[in-house]
Every structure is written in C-alpha cells, then in structure tokens.
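Trainee: Below are the sequence and a predicted model; questions follow.
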Amino acid sequence: MARIETQAVEFDALLKTRGVTRRRFLEFCGAVTVSLGLSEALAPKVAEAIEENVIGKAKGKLAPVLWLELASCTGCTESFAQVETPDVATVVLELISLNYAETLSAGAGYSLELAKKQTMEEAAGEYIVIIEGALMEGWEGNALRIANEKAVDIIREVSANAKAIVCAGSCAVDGGWQAAVPNPGGATGIEPFLKREKAAGRFTYEVDPTVDIPPIINVPTCPSNPEHLVAVLVDVLLVGKLPELDSHNKPTLMFGEYIHDNCPRRGHFENGEFVRQFGSEEERKGYCLYALGCKGPQTKNNCPIVRWNRRVSWCVEAGAPCIGCASADPTKAGFNWVDLNTPFFNRVKNLKIGDIILQPATLAAGIGGIAAIALIAHGFGMKATGRTKGGADFESERKWDAKHPDKAIATAPAAQAAKSTQEAEAAEEADEQTEGGDQ
Amino acid sequence: MAHLAHYRQAHPLPFVITHWINLICILVLIFTGFYIHFPYFSGFMGVARGLHLGLGYLLVINCAVRIILSLFIKSAPTAGSREVDRDIKSFLPQKDNRHQFGAWIKYYLFIKKEHPLGAKYGVPQKLAYAAIPFLILLVAFTGLCLYAPTSVVGPFAAFNGLVGGVMVTRIIHYCIMWVFIIFIALHAYLATIEGLAPAKMMFGWKEHGGLVYSPETHTIIGEDDLDGKDH
Ligand code: SF4
Ligand code: SF4
C-alpha cells in the first residue's frame, strides 16, 4: 500500500514537471482505454498500470524504441509528441527509452547514429521500431538516403532484429502520398517491402527465422492518431502482447468499424439531408457530407469515438468530409490510399486507363451513349430494310442445311406458307405488329 | 405474314409474372442505385436504401423461383407452336438453333436478308438470357459486399480484400448496373423493333396469329390466323 502511495506521489510530481494535471492524465487514460476497445470503467486500471510502469521502469530497464523517419512530412511525429504543448501522451514516452528519433532526440549526427547501432546490437530482438513515412525504393534505393546509407538497407537491417514494427501513419503502411501516381521515387509501405524482400531471398528475420517478417502493427491515418499509437504502445509494453490484428495487420479494435456507422451526422444521411456546397445553409445545419465525397461509408476507423486533437473534434464533426485516410492497405502491390480516394470531393475514385484518368460514371455514360446511338442507327436500318413491320421474311431453309443436305436440321421441306402468304399480307393493312427474333 | 404465331404456351402465366417482377425490381433498383451512388435530390436516402435492399432480395428470390419453375413448368420450345416441353430446354442448346449463330449475327448486321429459322430464342438472345442469372448473382454478391452488416462476413469480406476495398467493389457493382442498363436497352429494342406482338404477349398475355413452326421437323409448316381473331 505504502509503495503504491509513494509511487502515486512520485508520478504526480512527474506529471507536474510536464505541466499535466492528474485530472487530464485520467481523462487521457480513459481515451486510451476506449482506443483499446475496453470499457471506460477500466480506465483506473490503465492509469495504475501506466503509473507503475513509468515509475517502476524508470528505475530499471526501459523498452528500447527506435523511431525511424523515412519519406514523411513529420506530421506523425508532431501528432504524437506535440512537444510545443506538453501533452499527457508524452508521459507514455516515459515508458520507453527512445534511443533514436531524428526530430525528438537531443543528439544528432554521428552520436545519434551510434545510439541506433548500439541499440540494434545490444538489444537485438528486444527493441521496437516505429516507422514514420514511406520507404523509397527508386533509383536503386538512392531516392532516400539517411546518414549516407540507403533507407532500404537501413530498414532491412533494423527489421531483422526488431521485436515488432509499428508503422505509424498511412505512408509507412502503403506508401501514402509519396506512392500516389506517378510515384517516380518508388515509394512503398514497410510491410509490402519486407514481404517482397523475403520472397526475393534478401531478408531473414533473425529473431525468429520460422516466420517471414517481424510482427507488424499498421496504424494508418494521416497523420497517425496519437491516441492510437499510445494505445498500441500501452498494449505492447504493458500488456506485453500484440493487439488483435485484422488481415491488414491493423488493430481490430480501432479499425474494425465503418466511420459512417458511428457518425453523428448519420441521421441526416438517412433522411437524405446533404451538404452540396461548402458555405451553404445545409452546411450550417450540420447535414451529412456524403454528396461532397465523404469516404466515411467505406473507411474503417474509430475517429467518431476516439476523435482528434485531445478528443476535441474530428474531421466530419469539424465539417470536412472524411478523405478515407485510414484505408491504407499493405496487402496489395501498387495499392495506395490516396489513389483510392481521390478526388476527395467525389463519391468514387478515378479510373486510370493508360494515361487517361476519368470517373467511372463518365466512362459508363460514354459506353451507354455509344450503345444508344448504335441502337438508334440500327433502328433506322431496320426501318430502311422494311423489317419494322413484322421482321424480314423467314428463310425457307437453314443455310447449313442447304450446304449439308445429308446432315440437315430440318427433317421435312418447308411449307410454302411463308412465301405464299407474303403476297396476301401485302394487301392487308400492317398496323398490327408482330413477331421478330426477340420475344 | 412473315412472323410466327404467338401462343400462350410460349410464355406460361407464371413466367409472365416473374418477368413483370424482374422488370419492376430492376428498374427500381437502377433508380435507387443511382440515388445511392449520388443523391441528386434530397429526402430520399432512407427510402432508397430500404427499397434497394428489399428489391435486391426479391430479384434474387424471383430469379431462383424462375429457374426452379423452368424445371417443372412446360412451355413451347419454339415460337409458332402449341406443343410444350420442359421450359429449361429453351435456355439450353436446342437442335432448332444449331449452326444459326452466324446467321443471326449476319441478320442483325443486315448482311443476311432473311430471318433465320430457330427455336423460341435465337442464338445470341439465348446466350444473353442465360447470362442474366449469373449477372444477378454477381450483382447481389457485390451488393452484399457493400452492405455494412454483411460486408464483414467471410466471402464478402474476402472479396473486398481481393479487389482492394469497398471503394473498388462499389465501382464493380456500379459497372454491373450499366451492363443491366445496356442489356435492357438492347432487349427492349430487339423485342419491339419488329412489331409489338412479343411485348403484348409478355406483358398482357395476348395471343397473335402467324406462321406455324414444327418442333419435330424444325421447319415452318403452315399458318394460323387464330380463326381471324387476331386482325
Ligand atoms: S458525414 Fe460521412 S460518415 Fe457521416 S453520415 Fe455522412 S457520409 Fe456517413
Ligand atoms: S475521419 Fe476519415 S479522414 Fe478523418 S482521420 Fe478519420 S479516417 Fe482519416
């Protein structure tokens, strides 16, 4: 008991140095609990676990973490660390020993590279790698060099002995913006890269050679949501296991449900109340953003529940259609969430046929139009050949029968009815229309 | 007269009804589908989705019923005849159709002047009709891939994963709709361009006199003006 109390006092002091009140910390734990898909009633348990580990671990060995930044805008680092305004999320940084992070580390240059090398050697099989940004394979890997080394080589090396890899943000998952058409630098996600390398015999996972690649946790969105990252770290470091992952290696609890199904504007969707223009009366009324291209109906994420910016709001609530930033898919070659969802303000993505980029609706209407014109032209032909009044006269014999009398289909000669009645018919008025080939 | 007689035996009443159901389902599905694709006007989404789902199921059930009935109900395998056989035979290769595919294409392209002889359905027509159940299955399957509660279920989720996500499935679903639209345009055109008798039979079950064809000898054998009632 006494131990826990000292621990709490110690921890509160730590929070204070970070400018965080205990209340904010507990709120934060609530959000982590929600991100983990647990009942909020379990928040105190999470708080206790964090307290214990932060204080306990600070005295012992911290989990070594390498944060690698590849081709990125540093948005994920910003999102996670929020160094300008100390956030409770940074407390979780106390759980880890962040040995390498280009943006966050105090050191730089050789000493930082050395720290990375040492971690990889001394903590082989123990360290966790967080990767932000896309890997660039273009120009023999020279499209991205870090500390005079090709990024592809760094990733291969660092992955071989990693305990797990967390791909933070959609770029690290499927290449993201950098991989969008035309992708001259050969941007790719980490999981697809490692799988390709493994298949080509250029990669072995030293920690466990029976598996192809290290355990990967994909945490997409652009940028990665700090609540998600913290929840994943809490899961891996405190609970000591990987969270439950779906077929894209995304945590099921975060990326298991469509945004549309938890959206506060859903009622307007069902009522058919849509914003059709920004700045309109409908927008002011908070109507559904479907007609503006909202990708909520096809994007799985828990944004409406976990929200953004310390749970202040999120895209759709703030009035912006979801652009589907969580739909990164590491399983398909050449797949890219930006290409999948652009134009962001259209309902469906563009189709790419060679160099031509167009909307499926345009293509379909074009083909439909050609079909309509062909039918109309054919109709004139039918009229000109006099077939619109009951069709042409029947052939008296199949052509094939004429050529192959021994194997003929018809087993009796055709009656003369067809021919003889034609003259009679000419006299009749032909207003009643009849049989053709189609019924 | 150059056309074959239209007897009710060609299209027994149950099939006239299933044809009506198909027509209504498909037209409403296309309309509501367009609306769900993009809400061109306001206030209809809930109804559109309800109708789309309900009539989608009805279309599949109707298709299944139509296929099962075709195994039991007898219909005339050729136009211009009151003789009947199991209806399914009209959708399978028939002797009357043999070697006539080229003839039909040439006839449609105005290369061949005379109307090809054949069974109730000409060769290209039969191929198109036989493809419809598969098209309905495919469109229903992709539809269930998009419907949230079923989209997470095994095969539907697997399909979404295979093609690259719900967005791509949505485009496939949309393109199949256009295949239906083009089919309907072609079907309506071919069924009416040579006269309205086929439509009157299919929608109003109204008979019409004309030439008589024998399914036994595979030739035209005479003429029947329905005792003069048809003119
Ligand atoms: S705003 Fe987007 S996610 Fe929300 S109900 Fe409308 S379409 Fe769905
Ligand atoms: S609402 Fe959509 S665009 Fe916004 S963060 Fe969530 S998944 Fe990304």
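Mentor: Cool, the structure landed. Ligands and ions are numbered 1, 2, ... in the order given.

Trainee: And the pLDDT for the closest residue to B:F91 other than its chain neighbours?
Mentor: Closest residue in space to B:F91, ignoring its immediate chain neighbours: B:A130 at 5.3 Å, by C-beta to C-beta, 6 or more residues apart in numbering or on different chains. Any C-beta I mention is one placed from the backbone N, CA and C, and that applies to glycine too. pLDDT recorded at B:A130 is 94.

Trainee: Against ligand 1, how distant is B:A130?
Mentor: 39 Å (C-beta to the nearest ligand atom, to the nearest Å).

Trainee: do you know how far that residue is from B:N97?
Mentor: Separation of B:A130 from B:N97 (C-beta to C-beta, to the nearest Å): 12 Å.

Trainee: since we're on the residue nearest to B:F91, how many residues are nearby?
Mentor: 14 (other C-beta atoms under 10 Å in any protein chain shown).

Trainee: so what's the residue positioned nearest the centre of chain B up against?
Mentor: Nearest residue to the geometric centre of chain B (C-alpha atoms, centre = their mean): B:Y129, 5.0 Å. For B:Y129, the contacting residues are B:F91, B:Y121, by C-beta atoms under 8 Å, 6 or more residues apart in numbering or on different chains.

Trainee: Next, it: secondary structure please.
Mentor: helix (DSSP: H, G, I helix; E, B strand; the rest coil).

Trainee: And the pLDDT for the residue in the stretch 301-439 of chain A positioned nearest to ligand 1?
Mentor: The nearest approach of the stretch 301-439 of chain A to ligand 1 comes at A:V316, 4.7 Å away (C-beta to the nearest ligand atom). The model reports A:V316 with a pLDDT of 96.

Trainee: Just the element for it, please.
Mentor: Per DSSP states H and E, A:V316 falls between elements, in no helix or strand.

Trainee: and the gap between the residue positioned nearest the centre of chain A and A:G296?
Mentor: By C-alpha atoms, centre = their mean, chain A has its centre lying nearest to A:S327, at 1.6 Å. A:S327 sits 11 Å away from A:G296, going by C-beta to C-beta.

Trainee: Then A:G19?
Mentor: For A:G19 relative to A:G296 (C-beta to C-beta), the value is 35 Å.

Trainee: again with A:G324
Mentor: To A:G296, A:G324 is 8 Å away according to C-beta to C-beta.

Trainee: In terms of packing, which of A:G19 and A:G296 has more residues around it?
Mentor: Counting neighbours by other C-beta under 10 Å for A:G19 and for A:G296 shows that A:G296 has the greater number, 27 against 12.

Trainee: where along the stretch 51-200 of chain A do the helices fall?
Mentor: For the stretch 51-200 of chain A, applying DSSP state H, counting those that start in this stretch gives helices covering A:75-81, A:89-92, A:109-122, A:151-160, A:170-174, A:176-179, A:190-199.

Trainee: my bad, should have said chain B
Mentor: For chain B, applying DSSP state H gives helices covering B:13-37, B:45-72, B:101-108, B:123-146, B:148-151, B:154-163, B:166-192, B:197-204.

Trainee: any chance of these in a markdown table, with distance to A:I128 too?
Mentor: Listed next are the helices of chain B as a markdown table, based on distance: least, C-beta to C-beta, whole Å:
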| stretch | distance to A:I128 |
| --- | --- |
| helix B:13-37 | 44 |
| helix B:45-72 | 44 |
| helix B:101-108 | 65 |
| helix B:123-146 | 36 |
| helix B:148-151 | 33 |
| helix B:154-163 | 27 |
| helix B:166-192 | 32 |
| helix B:197-204 | 68 |
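
Trainee: Now A:H228: which helix or strand?
Mentor: In this structure, A:H228 is located in helix A:226-234 according to DSSP H and E.

Trainee: Domain ranges for chain A, per the record?
Mentor: For chain A, the structural domains run A:2-254, A:257-374, going by automatic domain parsing.

Trainee: Turn the ones you listed into TSV, columns for distance to chain B.
Mentor: Listed next are the domains of chain A as TSV, based on distance: least, C-beta to the nearest C-beta, whole Å:
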stretch	distance to chain B
domain A:2-254	6
domain A:257-374	4
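
Trainee: Ligand 2 is nearest to which of the ones you listed?
Mentor: Ligand 2 lies closest, by C-beta to the nearest ligand atom, to one member of these: domain A:257-374, at 3.2 Å.

Trainee: okay, how far is it across that closest one, tip to tip?
Mentor: Domain A:257-374 has an end-to-end distance of 45 Å (C-alpha to C-alpha, to the nearest Å).

Trainee: what distance separates that domain from the middle of the whole chain?
Mentor: 13 Å (C-alpha atoms, centre = their mean, to the nearest Å).

Trainee: so does that domain get close to ligand 2?
Mentor: Yes - Domain A:257-374 reaches ligand 2 (C-beta under 6 Å from any ligand atom) through A:I259, A:T299, A:N301, A:C303, A:W314, A:C315, A:V316, A:C322, A:I323, A:G324, A:C325, A:A326.

Trainee: which of those has the most neighbours?
Mentor: Across the residues of domain A:257-374 next to ligand 2, neighbour numbers were computed from other C-beta under 10 Å; A:G324 holds the maximum, 30 neighbours.

Trainee: need the contact list for the closest residue to that residue other than its chain neighbours.
Mentor: Spatial nearest neighbour of A:G324, chain neighbours left out: A:K295 (3.4 Å); criterion: C-beta to C-beta, 6+ apart. Taking C-beta under 8 Å, 6+ apart as the criterion, A:K295 is in contact with A:I259, A:P321, A:C322, A:I323, A:G324, A:S327, A:N341, A:F344, B:M167.
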